[in-house]
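Engineer: Please find the sequence and the predicted model below.
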Amino acid sequence: MRLQAEASKTRSRSTEAAFEKRFAKALTRLGLLSYHTSEKFISGIPDRYVVGGNWIEFKAIPYTGKRQITPVRFFSASQKLWMNRLGEAGDRVWVCILFQPENGNPLAILCPWVALNDFGPMSPKQISEFGTPVYKDIDLYNFVSQRFGLNQDRFSDCTDWLVI
């Protein structure tokens, strides 16, 4: 059982890294400068910085579609600490969650950390309603451009859920 959990965790990390790379390509195509941060020396820092005071933490969550999921539980204590501190310092902190169903295409949700921090369990119905399919690169590009493209006001507004 423990080996199966470790294998699932490793698979989630590799999927998360691949998704972040695809997301970064979409940001670049939109002309937005961003870079991947490293946890080599600082544990918990968000995965990507987008110039202008915007941090994004990526999280891939296996999803069976049978039970509720509380996304905030998938973040480590050091990640929560960093995201809270960056938000308190005036930066915008985002969470991009990739829900990976056992069958079907992955769904992505992008929201401000402060919203996710206050949000409770999500039902399978909520995930399918809020989530956007991002299996194809064009779907991901459209998803990113809606949030970070021409309408910069939506990017700077951290009070509402922004769903990708």
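Structural biologist: Ah, there it is.
Engineer: okay, Glu16: pLDDT?
Structural biologist: Looking at Glu16, its pLDDT is 88.
Engineer: I'd like to know how far the spatially most central residue of the chain sits from Asn103.
Structural biologist: By Cα atoms, centre = their mean, the chain has its centre lying nearest to Cys96, at 1.2 Å. Distance, Cys96 to Asn103, by Cβ to Cβ, to the nearest Å: 22 Å. Heads up, the C-betas are built off the backbone N, CA and C, glycines and all.
Engineer: Show me what counts as buried in the helix or strand where Met83 lies.
Structural biologist: Using DSSP states H and E, Met83 sits in helix 77-88. Across helix 77-88, burial judged by 16 or more other Cβ atoms under 10 Å covers 79, 82-83, 86-87.
Engineer: before we move on, what about stretch 21-39?
Structural biologist: So for stretch 21-39, counting by 16+ other Cβ under 10 Å, buried means 23-24, 26-27, 32, 34, 37.
Engineer: In contact with the nearest residue to Gly53 once chain neighbours are set aside: list those residues for me.
Structural biologist: Of all residues not flanking Gly53 in the chain, Asp91 sits nearest, at 4.4 Å (Cβ to Cβ, 6 or more residues apart in numbering). Asp91 makes contacts with 53-55, as judged by Cβ atoms under 8 Å, 6 or more residues apart in numbering.
Engineer: So which of the residues you listed wins on neighbours?
Structural biologist: Neighbour counts for the contacts of Asp91 peak at Trp55, which has 22 neighbours (criterion: other Cβ atoms under 10 Å).
Engineer: quick one: that one from Asn105, how far?
Structural biologist: 27 Å.
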